[in-house]
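Asker: Only the shape, not the letters, is given here:
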């Protein structure tokens, strides 16, 4: 069974995380019993389950980019009047 990243797991809701852990336990058991056909079905369900966490991680990154851009814009605007005074 393939685990998702720690960052994605951190953004899953409690309900999603409980379901994820239960599915991983079942999938690991099936793999230990060499029932890879059934483990594959469980892995597909895990992959669908973590999609909301992945989207939350992407949005978090986009928000960080927006915050960085706002900070840099504010810093540029604050520096512009100083440059004009230096030219006089």
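Answerer: Received, thanks. Since the structure is predicted, the reported quantities are computational estimates derived from the model, not experimental observations.

Asker: all strands for this protein, in order.
Answerer: Read by DSSP state E, the chain holds no strands at all.

Asker: where's residue 22 relative to residue 79, distance?
Answerer: Computed as Cβ to Cβ, to the nearest Å, the residue 22 to residue 79 distance reads 54 Å. C-beta: built from backbone N, CA, C; applies to glycine.

Asker: average pLDDT across the helix ranked longest in the chain?
Answerer: The residue-count maximum for a helix in the chain (DSSP state H) belongs to helix 51-87. The average pLDDT for helix 51-87 rounds to 88.

Asker: for that helix, which positions count as buried?
Answerer: Residues of helix 51-87 classed as buried by neighbour count (16 or more other Cβ atoms under 10 Å): 53-54, 56-57.

Asker: Reformat these as CSV; add distance to residue 35.
Answerer: Shown next, in CSV, are these (distance: Cβ to Cβ, whole Å):
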residue, distance to residue 35
53, 27
54, 27
56, 32
57, 31
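
Asker: how about the residues you listed, which pair is most distant?
Answerer: Greatest spatial distance among these (Cβ to Cβ): 54 and 56, at 7.3 Å.

Asker: okay, and the common contacts of these two?
Answerer: Residues touching both residue 54 and residue 56 (Cβ atoms under 8 Å, 6 or more residues apart in numbering): none.

Asker: Not counting stretch 4-14 itself, show me its contacts.
Answerer: Against stretch 4-14 from outside (Cβ under 8 Å, 6+ apart): 3, 17, 20, 46, 50, 52-54, 56-57, 60.

Asker: Show me the residue at the heart of this protein, geometrically.
Answerer: residue 57 (2.7 Å; Cα atoms, centre = their mean).

Asker: For residue 12, see how far away that residue is.
Answerer: Using Cβ to Cβ, residue 57 is found at 10 Å from residue 12.

Asker: cool, and residue 19?
Answerer: According to Cβ to Cβ, residue 19 and residue 12 sit 9 Å apart.

Asker: and residue 66, how far is that from residue 81?
Answerer: The value you get for residue 66 to residue 81, if Cβ to Cβ is used, is 25 Å.
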